[in-house]
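>>> Here is my input, please return the structure:
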Amino acid sequence: MPHTSPILVWIRRDLRLSDHAALFNASKSGRPVIPVFIRDESVDGLGAAPKWRFGLGLEHFAQALASVGSRLILRSGPAQAVLKALIAETGAGAVYWMRAYDPQSVARDKSVKAMLSQDGVEAESFAGHLLFEPWTVQTKQGGFYRVYSPFWREARTHDVPAPLPAPGKLPVPESWPASETLADWTLGHAMRRGAAVVRPYVQLGEAAAQTRLETFIAEKASGYKARRDFPGVDATSCLSENLALGEISPATCWHAGQRAMQEGAAGAEHFLKELAWREFAYHLMWHTPHMLSDNWREEWQAFPWSGDESRPEVIAWKQGRTGIAFVDAGMREMYVTGRMHNRVRMIVGSYLTKHLMAHWKIGMRWFEDCLIDWDPASNAMGWQWVAGCGPDAAPYFRVFNPDTQAEKFDPDKAYRDRWLSEGRLIPSETALSYFDAIPQSWPIAASDPYPAPVVALDAGRRAALNAYENRGF
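Below you'll find the model as predicted:
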């Protein structure tokens, strides 16, 4: 292909202009750049909330591209077929993209690269969705890490390249290929009435993500370690939503955290540890991809979790009507905002997998449908960690008591009052929003009394510990 031929930049979970190695290198080539997003099976397979959020992100990113003189081409179908057709239409001589690490994407990308190579088209993939490539952080024996603490000690010694600048202007082709219309994709269809409730809580796009980071560093980083576990306090960065779609790069967050730590912010190092926890999830997903679908510890295959999602107790958990206030508040926060505080995620997950003895896959799939910050590696590892069958899960028999956790981390009931309406003389607007967000098929109204516990905490704990003692391995 001639060196003047266009470069297709295949956009995936990297909806930003800055620190985007594929866009940066394509723009520096001087050749025309054609950004393209492909709605393939990986997009169609997303749950309701993450698919809706992806659609919002794509719309915003298209506007960002327009601001640098470019546009986003939308196409549907298998990636190989779409790229092959676009190459024929545009005469493109190269395809650039940012790497993905889940098994489905890895298999797809290998197949695409082989096709392009066979057709004589340059194919280049770039790092950027992670701080470190999963194969670069190794034990002294050359293997991968199975425990977070030594992973962190090793990872922190690795250099993270400085973020790349955004291109001031993208070279454009003489003529643009045809594009499908985002509205016709109806990516938000499954959200139904919940979309209007969640939308005010979305911080959309690169500029909003940068502002979130700057605000966190300036106002919250110092107290982050001490305050991050209190869900009634605004103490976290809330960047998981933006990191999930690449609206900000982890390297940008890392360097901001490093600067804050050097300037004496007491909680900044813990922020870096949380970024590294996300890395650890991807590290494990890369080396042990079965983490996404099966027990990470294979000896747990015979553990007697129930996979029955029709159990009344499981339905009550999904609806935020278990009668356990801290658990229900977390589920309702998710329906109203699309996110859930990390401490509460642990309590909610422990209650499902231990007090209710329901399979962690039920919870993993439900979060995959409901979270706007859904991330394949973090979601899977988090559920397996709390269930006891995953990495870093010692002691596996720990059973969080939601009531004592609430007394410790929500002592003034600020969080529970924010998300629970029943029994409150004047319920908060956030609590009432839950009834506007949930499916109309759920027979729940704001006038209903708060339910009694579906499982008593002491009985649920005893049953869980008994199952662990007799786990058979």
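>>> Pull the distance from stretch 135-144 to the chain's centre.
How far stretch 135-144 lies from its chain's middle: 25 Å, per C-alpha atoms, centre = their mean, to the nearest Å.
>>> And it, what's buried?
137, 144 (16 or more other C-beta atoms under 10 Å). Using the backbone N, CA and C atoms, a C-beta is placed for each residue, glycine as well.
>>> now that stretch: mean pLDDT?
Stretch 135-144 shows a mean pLDDT of 96 in the predicted model.
>>> hmm, who's touching it?
Contacts to stretch 135-144, defined as C-beta atoms under 8 Å, 6 or more residues apart in numbering, come from residues 134, 145, 150-151, 154-155, 158, 279, 283-284, 286-287.
>>> how long is that stretch end to end?
End-to-end distance of stretch 135-144 (C-alpha to C-alpha, to the nearest Å): 8 Å.
>>> Please indicate which of the contacts of stretch 135-144 are buried?
134, 145, 151, 154-155, 279, 283-284, 286.
>>> What is the nearest of those residues to Glu333?
Nearest to Glu333 among the buried ones among the contacts of stretch 135-144 is Glu279, at 26.0 Å by C-beta to C-beta.
>>> isn't the closest one right next to Glu133, touching?
No: Glu279 is beyond contact range of Glu133, at 10.0 Å (criterion: C-beta atoms under 8 Å).
>>> picking that back up, please render the buried ones among the contacts of stretch 135-144 as CSV that adds distance to Ala437 to the earlier fields.
Below are the buried ones among the contacts of stretch 135-144 laid out as CSV (distance: C-beta to C-beta, whole Å):
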residue, distance to Ala437
Pro134, 36
Tyr145, 39
Phe151, 37
Glu154, 42
Ala155, 38
Glu279, 32
His283, 35
Leu284, 33
Trp286, 35
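>>> Quick check: pLDDT value at Trp385.
For Trp385, the model assigns a pLDDT of 95.
>>> So it is in contact with Asp392, correct?
Yes: if you go by C-beta under 8 Å, Trp385 and Asp392 touch, sitting 6.0 Å apart.
>>> The two - which one has more neighbours?
Counted by other C-beta atoms under 10 Å, Trp385 and Asp392 do not tie: Trp385 has more neighbours, with 20 against 17.
>>> Would you list the phi and psi of that one?
Backbone torsions of Trp385, given as degrees, to the nearest 10, read phi -60, psi -50.
>>> again with Glu122
phi -60, psi 140.
>>> For the residue nearest to it when sequence neighbours are not counted, give me its contacts.
Counting by C-beta to C-beta, 6 or more residues apart in numbering, the nearest residue to Glu122 once its immediate chain neighbours are dropped is Ala94, at 3.8 Å. By C-beta under 8 Å, 6+ apart, the contact list for Ala94 reads 1, 5-8, 26, 31, 121-124.
>>> Flag whichever of the residues you listed scores worst on pLDDT.
Within those, pLDDT is lowest for Met1, at 50.
>>> Domain ranges for the protein, per the record?
For the chain, automatic domain parsing gives the domain ranges 1-129, 130-162+198-287, 298-469.
>>> Which of those domains sits closest to Ala183?
Across those, closest to Ala183 is domain 1-129 (C-beta to C-beta), at 9.0 Å.
>>> From the chain's centroid, how far away is that closest one?
Using C-alpha atoms, centre = their mean, the offset of domain 1-129 from its chain centre is 20 Å.
>>> still on that earlier bit, name only those of the contacts of Ala94 that count as buried.
Of the contacts of Ala94, these count as buried by 16+ other C-beta under 10 Å: 5-8, 26, 31, 121, 123-124.
>>> Which of these fall within strands?
7-8, 123-124 (DSSP state E).
>>> And these, which is closest to Lys361?
Nearest to Lys361 among those is Ala123, at 35.3 Å by C-beta to C-beta.
>>> what residue ranges in the chain are flagged as low confidence?
1-2, 393-394, 472-473 (pLDDT under 70).
>>> where's Phe144, which helix or strand?
For Phe144, there is no host helix or strand (DSSP states H and E).
>>> for Ser310, phi and psi?
phi -90, psi 0.
>>> got the buried ones among the contacts of Ala94 as a markdown table, with distance to Gly267 columns?
Listed next are these as a markdown table, based on distance: C-beta to C-beta, whole Å:
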| residue | distance to Gly267 |
| --- | --- |
| Ser5 | 49 |
| Pro6 | 46 |
| Ile7 | 42 |
| Leu8 | 42 |
| Ala26 | 38 |
| Arg31 | 45 |
| Val121 | 47 |
| Ala123 | 42 |
| Glu124 | 38 |
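>>> For Val112, which residues are in contact?
79-80, 83, 95, 123.
>>> cool, and Pro78?
40-41.
>>> what helix or strand does the spatially closest residue to Met340 that is not a sequence neighbour sit in?
Distances taken as C-beta to C-beta, 6+ apart put Met334 closest to Met340, at 4.5 Å, once the chain neighbours are dropped. Here Met334 is covered by helix 325-337, with elements defined by DSSP H and E.
>>> ok, and what's touching that helix?
Helix 325-337 is contacted from outside by 194, 197-198, 201, 231, 317-322, 339-341, 344-345, 347-348, 351, 367, 370-371, 402-403, 405-406, 410, 415-416, 418-420, 430-431, 433-434, 437-438, using C-beta under 8 Å, 6+ apart.
>>> Just those: which are in helices?
194, 197-198, 317-319, 344-345, 347-348, 367, 370, 402-403, 405-406, 415-416, 418-419, 430-431, 433-434, 437 (DSSP state H).
>>> Separate out the buried members of those residues.
194, 197-198, 317-319, 344-345, 347-348, 367, 370, 402, 405-406, 415-416, 418-419, 430-431, 433-434, 437.
>>> Pretty sure Gly57 sits against Gln203.
No: between Gly57 and Gln203 no contact is recorded; they are 10.9 Å apart, counting by C-beta under 8 Å.
>>> Counting neighbours around each, name which of those two comes out higher.
Gly57 (25 against 14).
>>> For the more buried one, which residues are in contact?
Going by C-beta under 8 Å, 6+ apart, Gly57 touches 15, 204-205, 245, 247.
>>> Ok, Asp102 next?
Per C-beta under 8 Å, 6+ apart, neighbours of Asp102: 285, 289, 292, 376-377.
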